[in-house]
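Visitor: this is a predicted model, with the sequence first.
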Amino acid sequence: MSVTVRVPAKVNVQLAVGPARPDGFHDLANVFLAVGLYDEVTATPADELRITCSGPDAAQVPLDRTNLAARAALALAERYGRPADVHLHIAKDIPVAGGMAGGSADGAGALLACDALWETGASRDELLDICAELGSDVPFSLVGGAALGTGRGEKLQELEVGGAFHWVFAVADGGLSTPAVYREFDRLTPDAPAPGASPALLDALRAGDAAALAGAVSNDLQPAALSLFPALADTLKAGTAAGALAALVSGSGPTTAFLTEDAEAAERVAAALRASGTCRAARVASAPAQGATVVRAALPP
Ligand code: C5P
């Protein structure tokens, strides 16, 4: 018996950040776009909760109860009054600690996989509530596509996307801690205004217009990420010099994202980034991608 769920990474095409709230989080206008780089989470019955991980960066993934996949299984088990007796295997392809919501993807994937394995009958809204408790980006990993996240990013409004967008992601040597990037944002931006979504950006997404989207992307966390990881400026420059329409830090970084005209341009920019020596790897991916989806299930009839 087992269930496998595939979950996409994300890029924030707009990340507008307000001042710190009393609870320590920041109000956001966060336009998420799911991109076609995926982790797969497989849930199999076991004597007790156990996490394993495979993939080139597996050594960087915590296998204890700090892993969002473990927390998702425990939260669902608690809600349905049952033991979290499951083995969760994560086949990891999303860059770790990169600002692409890889940890959140594993949380959403584990939740959906355990839900199917345990046949809880939970509603979509119940699953989204658990996702929001797990982390600000986890609900979007479940939903996928494109969405505007407000509040701390967890309140989602799905957005229309009129066509495919072609991206390149440059994986940095090293990671950045999301809380540290937000702290640096607070230091650099003492008077942050209330965040709002850009109408031009939402129009560009709706039209599927890459040039218009390139003119509208923004990330308020970018100056903070560059301040903590100055070498990222060289990666951004290398992608722009190679013909990317837009270059920005993905979320809290340090992965950098490059929007290109089409799939061929994406391959060219990726090759130039690899040759530039300014990143550890460059990956192409198109968007929007589907949210968490069961791709294999072997359940009793
Ligand atoms: O919600 P999540 O656990 O992903 O957030 C990780 C950290 O990022 C938080 O502890 C907080 O420091 C920061 N954060 C924030 N405002 C948000 C989302 C995250 O300050 N809206």
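Guide: Structure's in. What do you need? Numbers count the residues shown, from 1 in each chain.
Visitor: show me where pLDDT drops low in the stretch 1-150 of the chain?
Guide: Within the stretch 1-150 of the chain, no range satisfies pLDDT under 70.
Visitor: tell me where it has strands.
Guide: Using DSSP state E, counting those that start in this stretch, the strands of the stretch 1-150 of the chain run over 2-20, 26-45, 50-54, 86-91, 146-150.
Visitor: hmm, E40 and A91 touching each other?
Guide: Yes. Using Cβ atoms under 8 Å, A91 makes contact with E40 at a distance of 4.3 Å. Every residue, glycine included, has its C-beta placed from N, CA and C.
Visitor: wait, G215 touches D209, no?
Guide: No. G215 is beyond contact range of D209, at 9.4 Å (criterion: Cβ under 8 Å).
Visitor: more neighbours, the two?
Guide: Comparing G215 with D209 by other Cβ atoms under 10 Å, the one with more neighbours is D209, at 16 against 13.
Visitor: before we move on, back to that, so between A91 and E40, which is more surrounded?
Guide: Higher neighbour count among A91 and E40: E40, with 21 against 17, using other Cβ under 10 Å.
Visitor: just to be sure, L202 is in a strand?
Guide: No. Judged by DSSP: H, G, I helix; E, B strand; the rest coil, L202 forms no part of a strand; its state is helix.
Visitor: what are the ranges of the strands in the stretch 151-300 of the chain?
Guide: Under DSSP E, counting those that start in this stretch, the stretch 151-300 of the chain gives strands at 155-158, 165-171, 218-219, 246-249, 256-260, 281-287, 293-298.
Visitor: what lines up beside the shortest one in the sheet?
Guide: Read it as strand 218-219. As defined by DSSP bridges, the strand partners of strand 218-219 come to strand 2-20 (parallel).
Visitor: so who does the residue in the stretch 201-301 of the chain positioned nearest to the ligand touch?
Guide: In the stretch 201-301 of the chain, the residue that lies nearest the ligand is S252 (7.3 Å; Cβ to the nearest ligand atom). Applying Cβ atoms under 8 Å, 6 or more residues apart in numbering, we find S252 in contact with 99, 176, 178, 181-182, 221, 224-225.
Visitor: now those residues as a markdown table including distance to R268 and neighbour count?
Guide: Below are these laid out as a markdown table (distance: Cβ to Cβ, whole Å; neighbours: other Cβ atoms under 10 Å):
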| residue | distance to R268 | neighbour count |
| --- | --- | --- |
| G99 | 24 | 30 |
| L176 | 27 | 24 |
| T178 | 31 | 18 |
| V181 | 30 | 23 |
| Y182 | 34 | 18 |
| L221 | 28 | 28 |
| A224 | 30 | 25 |
| A225 | 25 | 27 |
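Visitor: next, format the residues you listed as TSV and append distance to the ligand.
Guide: Supplementary listing: the contacts of S252 in TSV, determined by distance: Cβ to the nearest ligand atom, whole Å:
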residue	distance to the ligand
G99	11
L176	11
T178	4
V181	8
Y182	4
L221	10
A224	11
A225	13
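Visitor: what about Q157, neighbour count?
Guide: Per other Cβ under 10 Å, the neighbour tally for Q157 reads 9.
Visitor: correction: G196
Guide: When counting by other Cβ under 10 Å, one arrives at 11 neighbours for G196.
Visitor: and A272, by the same measure?
Guide: Applying other Cβ under 10 Å, we find 19 residues neighbouring A272.
Visitor: just checking, it touches A244?
Guide: No. Judged on Cβ under 8 Å, A272 makes no contact with A244 at a distance of 9.1 Å.
Visitor: dump the residue contacts of E154.
Guide: 131-132, 136, 138-139.
Visitor: redo that, cut-off 7 Å
Guide: Contact partners of E154, counting by Cβ atoms under 7 Å, 6 or more residues apart in numbering, are 132, 136, 139.
Visitor: quick check, central residue of the chain?
Guide: A101 (2.6 Å; Cα atoms, centre = their mean).
Visitor: re earlier: who wins for proximity to E160 among the strands of the stretch 1-150 of the chain?
Guide: Nearest to E160 among those is strand 146-150; the distance by Cβ to Cβ comes to 7.7 Å.
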